[in-house]
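S.K.: Quick one, what's the 3D model for this:
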Amino acid sequence: MNSLLATEPIVATEEKRITLPPLESWVSNEAMRHVPSLDWMVKKVDVDLRQRIAKLTAPFANLASADPRYAGIEKELRALGKAIDRLTDSAKPVRHNGNGGDLPSRIQNALTQALGNLRSLELTPFGRRHPFHCFDRSKAEIVYGALLAVLYRVERLVPIIREVDPSIDEQLLAES
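M.R.: Sure thing, here's the model as predicted:
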């Protein structure tokens, strides 16, 4: 008699058994090639971006607030500050202080905090794919995406600053 109640144990046959793949570990997963190393990211933020942003914010410090170009530059600098804050939070979600003062100094303080959080990341799991059974994305992809957003914001600032200081291109090329 075939009953709908589960009163009798179901016997699994050998044909129906599925062998599960072995669990993965970070050490055995290879590094993701589309994400640069953590050392490269730290150097990019500490050396390249810090110098570039300092040169781009210098003309803004000398610009009068009554100038019609002031509002556009301030808007882009605030967007850059938010992008740097996202980089800081994606590296390590620790709340940072508000950083008072003028806009260029707030951006430099945010860069310092982002560097501190990037340097505190562990090198072993960073840049490696998470094991499939964790169902998580790698932190490296999120951090690299946030870094790309910061680079995009810096490049958007260049043509706006060029209107105020036409020699900015020469200054930026002299840094390399």
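
S.K.: what kind of secondary structure is Leu63 in?
M.R.: Secondary structure assignment for Leu63 (DSSP: H, G, I helix; E, B strand; the rest coil): coil.

S.K.: neighbours around Ala146, how many?
M.R.: By the measure other C-beta atoms under 10 Å, the count of residues near Ala146 is 21. Using the backbone N, CA and C atoms, a C-beta is placed for each residue, glycine as well.

S.K.: Next up, the contacts around Leu172.
M.R.: By C-beta atoms under 8 Å, 6 or more residues apart in numbering, the residues touching Leu172 are Arg52, Lys55, Leu56, Val158.

S.K.: Restricted to helices, list those.
M.R.: The helices in this structure, assigned by DSSP state H, contain Arg52, Lys55, Leu56, Val158 from these.

S.K.: how far away is Leu121 from Gly81?
M.R.: Using C-beta to C-beta, to the nearest Å, Leu121 is found at 22 Å from Gly81.

S.K.: Please disregard the earlier target; I meant Arg106.
M.R.: For Arg106, the distance to Gly81 - C-beta to C-beta - is 6 Å.

S.K.: can you check Val47 too?
M.R.: In terms of C-beta to C-beta, Val47 sits 20 Å off from Gly81.

S.K.: who's more crowded, these two?
M.R.: Using other C-beta under 10 Å as the criterion, Val47 and Gly81 rank with Gly81 on top: 20 against 11.

S.K.: and that one, what is it in contact with?
M.R.: Leu103, Arg106, Ile107, Ala110.

S.K.: Not counting sequence-adjacent ones, nearest residue to it?
M.R.: Ile107 (5.2 Å; C-beta to C-beta, 6 or more residues apart in numbering).

S.K.: Quick one: residues contacting Gln143.
M.R.: One correction, residue 143 is Val, not Gln. Met41, Leu87, Ser90, Ala91, Leu118, Leu121, Phe126.

S.K.: one step back: give me phi/psi at the residue nearest to Gly81?
M.R.: Main-chain torsions, Ile107, degrees, to the nearest 10: phi -70, psi -40.

S.K.: mind checking how far it is from Ala149?
M.R.: In terms of C-beta to C-beta, Ile107 sits 14 Å off from Ala149.

S.K.: higher neighbour count, the two?
M.R.: The neighbour count for Ile107 versus Ala149, taken as other C-beta under 10 Å, is higher for Ile107 (23 against 18).

S.K.: The more buried one is in contact with Asp85, isn't it?
M.R.: No - look at Ile107 against Asp85 with C-beta atoms under 8 Å: they stay out of range, at 10.0 Å.

S.K.: what touches both of those two?
M.R.: Common neighbours of Ile107 and Asp85 (C-beta under 8 Å, 6+ apart) do not exist.
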